[in-house]
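K.L.:
From the sequence below, what's the structure:
(chains A and B)
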Protein chains: 2
Amino acid sequence: MVKQERAIRTRKAILAAAAKIFEERGYRAATISEILSAAGVTKGALYFHFSSKEELAQGILHEQDQWLPIPDRACKIQQIADTVLLHAYRLQHDPLVRAGVRLSLDQQAEEVDRRGPFTHWGDIIGDLLAKAQAQGEVLPHVSTPETADVLVGAFAGVQAMSQIMSDYQDLLARVSALLRHLLPSTVLPSVLAAVDITPGRAGIIATELRPSPENTANGRPTVRAD
Amino acid sequence: MVKQERAIRTRKAILAAAAKIFEERGYRAATISEILSAAGVTKGALYFHFSSKEELAQGILHEQDQWLPIPDRACKIQQIADTVLLHAYRLQHDPLVRAGVRLSLDQQAEEVDRRGPFTHWGDIIGDLLAKAQAQGEVLPHVSTPETADVLVGAFAGVQAMSQIMSDYQDLLARVSALLRHLLPSTVLPSVLAAVDITPGRAGIIATELRPSPENTANGRPTVRAD
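P.N.:
This is a model prediction of the structure:
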């Protein structure tokens, strides 16, 4: 058990170092030896967890997907808004999530499967939208996969714009505005009236889901910069 | 006059070469000498037009902004839709526009002012939205700069997703879906009913605006890949 915890900690340290180096140097220019010295682990330890630079990138992209799942909400549209707002909050606070999003937009990361995160997020939002549709929260004409794709694509751009314009300072305001602009074409007005899509909602969810010490050892940790 | 035409042609060839090299190598890794040999011009000619790699990048970003202006439409929302759809069409067909959008999302292009294109597009859309508002096409609560920012940010993400998922094959469908999802929260239903935001609209506008031989020498050419 102690051994397993140490392995998780080492894996975490390696991913955090890779995230840092990819961000500084770009994926293509980054080298394993730079990542090694940033992580402060042995070559053997790194190759035990990841056999190549590409696997490191996939590890980061995968980590981005390990969103702390939002507890089931009675209103599925609220659950979608919470999922999106929490992802924005994690982008502001978790360097590993940030690195994942940047990697998936990195033109030079050619051998990395950058479709994965888009498909994965599309599925998550699409499934929640289908549930919202089943319980009558959605307007009749809506094609849930199409709406999910629009939301995922639009989010990717809004976060990039926020990073460029304000280094993510205005991210929650921009994501809240995006939801205010997108949801009325998809959701019943009576449902809209009852959902909270304000920027402040993100912090509330993050507090609700803050990992207990127990959670941090279960392989789905919230990684922070050291 | 002939001399001026030649200078414009040389500038165009240099920008096209820079666009190609930035796309292949990423901004940071690209070198002036690679751009020189791709452009097939002398060092003197290149430095006559651009004094640094950064200036080449700014030239490409600027070119992206040189959208062929959409002729005034009676309906300003149609003019916005046409502007957005034409930009999508140019992304599919003009390597220089593509390079500009990629540069503005390139994490490694640190010394390049990547805010410029976002601000510029935000102003263009914001001005058109303000005109739409003045002639009563827009819902009462709308804040035109905020809506413009949402549209510009969302477009940036939708184009990136389209490039990653289909190498721009599905771009017009995705942009049309984005407009269908965004406009209902902004535009009066009676106006919405009269605007064309179908994917096919893009080709119609492009044909309408196709530069005549006269236009191609006036410094706002449509550059194509050779």
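K.L.:
remind me which residues of chain A are low pLDDT?
P.N.:
Across chain A, the ranges flagged by pLDDT under 70 are A:1, A:65-68, A:211-226.
K.L.:
Repeat the analysis, applying 90 as the threshold.
P.N.:
Counting by pLDDT under 90, chain A shows low-confidence ranges at A:1-9, A:12, A:20, A:22-29, A:58-71, A:94-114, A:116-117, A:208-226.
K.L.:
list the contacts for the residue in chain A positioned nearest to chain B?
P.N.:
Residue nearest to chain B within chain A: residue A:157 (2.4 Å; CB to the nearest CB). (Each C-beta comes from the backbone N, C-alpha and C, glycine too.) Counting by CB atoms under 8 Å, 6 or more residues apart in numbering or on different chains, residue A:157 touches B:153-160.
K.L.:
hey, where'd the strands end up in chain A?
P.N.:
Using DSSP state E, chain A contains no strands.
K.L.:
domains of it?
P.N.:
Annotated domains of chain A cover A:2-63, A:64-217 [automatic domain parsing].
K.L.:
Need those domains in JSON lines (columns: distance to residue B:119).
P.N.:
Putting these into JSON lines (distance: least, CB to CB, whole Å) gives the following:
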{"stretch": "domain A:2-63", "distance to residue B:119": "24"}
{"stretch": "domain A:64-217", "distance to residue B:119": "8"}
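K.L.:
Of these, which is nearest residue B:6?
P.N.:
When the domains of chain A are compared by CB to CB, domain A:64-217 sits nearest residue B:6, at 32.6 Å.
K.L.:
Please state the offset of the closest one from the chain centre?
P.N.:
Its chain's C-alpha centre and that of domain A:64-217 lie 8 Å apart, by CA atoms, centre = their mean, to the nearest Å.
K.L.:
returning to that earlier point: between the domains of chain A, which one is nearest to residue B:53?
P.N.:
domain A:2-63 (15.3 Å).
K.L.:
ends of the closest one, how far apart?
P.N.:
Domain A:2-63 stretches 22 Å from its first residue to its last (CA to CA, to the nearest Å).
K.L.:
Spatially nearest residue to the spatially most central residue of chain A, not counting backbone neighbours?
P.N.:
Among the residues of chain A, the one closest to the centroid is residue A:64, at 4.2 Å (CA atoms, centre = their mean). Leaving out its chain neighbours, the residue that sits closest to residue A:64 by CB to CB, 6 or more residues apart in numbering or on different chains is residue A:100, at 2.8 Å.
K.L.:
In stretch A:120-127, which residues are buried?
P.N.:
A:120-122, A:124-126 (16 or more other CB atoms under 10 Å in any protein chain shown).
K.L.:
Please name the residues that touch the residue nearest to residue A:30 when sequence neighbours are not counted.
P.N.:
Spatial nearest neighbour of residue A:30, chain neighbours left out: residue A:21 (4.7 Å); criterion: CB to CB, 6+ apart. If a contact means CB under 8 Å, 6+ apart, then residue A:21 has A:30-31, A:34-35, A:38 as its contacts.
K.L.:
Nearest to residue B:188 among those residues?
P.N.:
residue A:30 (50.6 Å).
K.L.:
Residue A:123 and residue A:148: what is the separation?
P.N.:
Counting by CB to CB, to the nearest Å, the separation of residue A:123 from residue A:148 is 8 Å.
K.L.:
any idea where the helices of chain A begin and end?
P.N.:
Secondary structure of chain A by DSSP state H: the helices cover A:2-25, A:32-39, A:43-49, A:53-65, A:76-93, A:95-104, A:115-134, A:144-166, A:171-182, A:189-192, A:201-209.
K.L.:
so the longest one versus helix A:95-104, what angle?
P.N.:
Our comparison of helix A:2-25 with helix A:95-104, counting by axes from the mean of the first three to the mean of the last three CA atoms, to 10 degrees, yields an angle of 50 degrees.
K.L.:
Please identify the buried residues of helix A:2-25?
P.N.:
Those would be A:8, A:10-23, A:25, for helix A:2-25 by 16+ other CB under 10 Å.
K.L.:
Equivalent analysis for the fourth one, please.
P.N.:
Burial within helix A:53-65, assessed by neighbour count using 16+ other CB under 10 Å, is assigned to A:53, A:56-61, A:63-64.
K.L.:
and what of stretch A:26-39?
P.N.:
A:26-28, A:30, A:32, A:34-36, A:38-39.
K.L.:
Relative to residue A:112, which of those residues is nearest.
P.N.:
residue A:27 (6.9 Å).
K.L.:
out of everything not next to it in sequence, what's closest to the closest one?
P.N.:
Using CB to CB, 6+ apart, the nearest residue to residue A:27 is residue A:109, at 3.9 Å.
K.L.:
OK, contacts around the one you found?
P.N.:
Here residue A:109 is in contact with A:27-28, A:57, A:103 (criterion: CB under 8 Å, 6+ apart).
K.L.:
Could I get the contacts of residue A:157 in JSON lines, plus columns for distance to residue B:71?
P.N.:
Listed next are the contacts of residue A:157 as JSON lines, based on distance: CB to CB, whole Å:
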{"residue": "B:153", "distance to residue B:71": "27"}
{"residue": "B:154", "distance to residue B:71": "25"}
{"residue": "B:155", "distance to residue B:71": "21"}
{"residue": "B:156", "distance to residue B:71": "25"}
{"residue": "B:157", "distance to residue B:71": "29"}
{"residue": "B:158", "distance to residue B:71": "25"}
{"residue": "B:159", "distance to residue B:71": "24"}
{"residue": "B:160", "distance to residue B:71": "29"}
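K.L.:
just those residues now: which is nearest chain A?
P.N.:
When the contacts of residue A:157 are compared against chain A (criterion: CB to the nearest CB), the nearest one is residue B:157, at 2.4 Å.
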